[in-house]
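Participant: This is the structure alone, sequence omitted:
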């Protein structure tokens, strides 16, 4: 009896599997590149800002943030976190960063630059340079700079101007931001040409940019299908399928084909009213922000009770499609697409008088459009940028949309800070709250 597999209540898509495999291929290719004498870069999430250029320069790239999530999911993060603590980094620092510090500390201090044998998916080989950015996270500048304690490699920082909601629509602000980003990209290209000793292939860059935009258009359409009742795709499948877009795992043209296959599977579920959970869809929920990568199994407990997670944090989703057919300069193309990712919801936010546009407003829009009954806020104790607005959003959803929310503290990497038993214990009382507010919304309509 003890060997029986526990029943799964989330109805997983088949099409997520080849997309998930793309992540493993990324790490494998980076190791192969080092073995062949070719360079590798480490990069932060940059919302398709620097990534197209890295791909066009045929530079294999791995992402410490993604690697931190993998280490958490595979159960090996704790040893790296402990090593980072021992090296003097504070325990309240970003879990991704601490995992990275511990990994690099072990790699450089004990293994003379070799990849730790316990590292999942083959590990991250030593990079030729680090690509940092200012997007989203206030630990970013110092994180890659602090890696200089272990790695003697240059750091390049991509700056992204993010004006406020009202400020964006002042005369000339939008175009000045685009001009700034284009100049940043020009300098980045010159930097890469110097350290790699090769010139940019502009035709390849143009093709890469086109493929990235088309890939994200299809990925956006997949998530639009999730507005259907019952929802055909659970957050578990979203998190598994998201990295090839956000981290550009594999060639964008190949990944595009896989997303098209996912669209077909999700559309077929919509047409036949197939739910992404095995039980009746009693409640539709929004998830915010970063998931507890080490404890995703807790979502099976929720699915068993009829909780269907239909939409997630906006920062992991592709932006709404943007017509850039009249833009011929690939650097301007990148600038407008990446800037659009950050500001796509600013116009709607302005019209609704919601000025917390960068992190807050999109979730209000999602909760309404995906007809959510409740919101589940995961409050990462080591991630300030994804936790500062959650109490604000909780109040806004209750006031404007009559949608209740449940806040659970935890962490993205450190299993010791998340308590699945607490989540399970609070489910029944929260169901009563969702039922009550559902009746209130019905009475209002």
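Facilitator: Looks like it came in fine. Just so we're clear, the structure is a prediction, and the values are computed from it rather than from any experiment. Numbers count the residues shown, from 1 in each chain.

Participant: low-scoring pLDDT stretches of the chain, where are they?
Facilitator: For the chain, applying pLDDT under 70 flags the ranges 1-5, 357-358.

Participant: In it, which residue is most central in space?
Facilitator: With distances taken as Cα atoms, centre = their mean, residue 316 lies nearest the centre of the chain, 3.7 Å away.

Participant: what's the distance between it and residue 279?
Facilitator: Applying Cβ to Cβ, to the nearest Å, the value for residue 316 to residue 279 is 26 Å. Yep, even glycine has a C-beta here, placed from its N, CA and C like the rest.

Participant: Stretch 302-309: end-to-end distance?
Facilitator: Terminal residues of stretch 302-309 lie 9 Å apart, using Cα to Cα, to the nearest Å.

Participant: my bad, should have said stretch 45-61
Facilitator: Start to finish, the residues bounding stretch 45-61 are 11 Å apart (Cα to Cα).

Participant: cool, stretch 276-286 as well?
Facilitator: Distance across stretch 276-286, first residue to last, is 14 Å (Cα to Cα).

Participant: Which residues belonging to that stretch are considered buried?
Facilitator: For stretch 276-286, burial by neighbour count (16 or more other Cβ atoms under 10 Å) applies to 276, 277, 281, 283, 284, 285, 286.

Participant: Tell me how many other residues crowd the closest residue to residue 64 other than its chain neighbours.
Facilitator: Counting by Cβ to Cβ, 6 or more residues apart in numbering, residue 64 lies nearest to residue 100, which is 4.3 Å off, once chain neighbours are set aside. By other Cβ atoms under 10 Å, 27 other residues sit near residue 100.

Participant: quick one: residue 100 from residue 140, how far?
Facilitator: From residue 100 over to residue 140 the distance is 12 Å, taken as Cβ to Cβ.

Participant: cool, and residue 277?
Facilitator: According to Cβ to Cβ, residue 277 stands 36 Å off from residue 140.

Participant: What of residue 47?
Facilitator: Per Cβ to Cβ, residue 47 is found 13 Å from residue 140.

Participant: Repeat that for residue 395.
Facilitator: 29 Å.

Participant: Between those two, which has more neighbouring residues?
Facilitator: residue 140 (21 against 11).

Participant: who's in contact with the more buried one?
Facilitator: Counting by Cβ atoms under 8 Å, 6 or more residues apart in numbering, residue 140 touches 44, 132, 133, 134.

Participant: do residue 278 as well
Facilitator: 7, 8, 9, 10, 11, 303.

Participant: Out of those, which sit inside strands?
Facilitator: Of the contacts of residue 278, none are assigned to strands by DSSP state E.

Participant: filter those to the buried ones?
Facilitator: Among those, those scoring as buried are 9, 10, 11, 303 (criterion: 16+ other Cβ under 10 Å).

Participant: I'd say the first one and residue 277 touch.
Facilitator: Yes. With contact defined as Cβ atoms under 8 Å, residue 9 and residue 277 form a contacting pair (5.8 Å).

Participant: so what sits against both of the two?
Facilitator: In contact with both residue 9 and residue 277: residue 303, using Cβ under 8 Å, 6+ apart.

Participant: in what helix or strand does residue 327 lie?
Facilitator: Using DSSP states H and E, residue 327 is not contained in any helix or strand.

Participant: For the contacts of residue 278, work out which two are farthest apart.
Facilitator: Farthest pair in those (Cβ to Cβ) is 7 and 11. Separation: 11.8 Å.

Participant: separation between residue 370 and residue 300?
Facilitator: Separation of residue 370 from residue 300 (Cβ to Cβ) stands at 21 Å.

Participant: Which one's more surrounded, those two?
Facilitator: More crowded of residue 370 and residue 300, by other Cβ under 10 Å: residue 370, with 19 against 16.

Participant: ok, the more buried one - contacts?
Facilitator: Contact analysis of residue 370 by Cβ under 8 Å, 6+ apart lists 226, 227, 231, 284, 286, 310, 311.

Participant: Now do the same for the fourth one: helix, strand or coil?
Facilitator: At residue 284, secondary structure determined by DSSP: H, G, I helix; E, B strand; the rest coil is strand.
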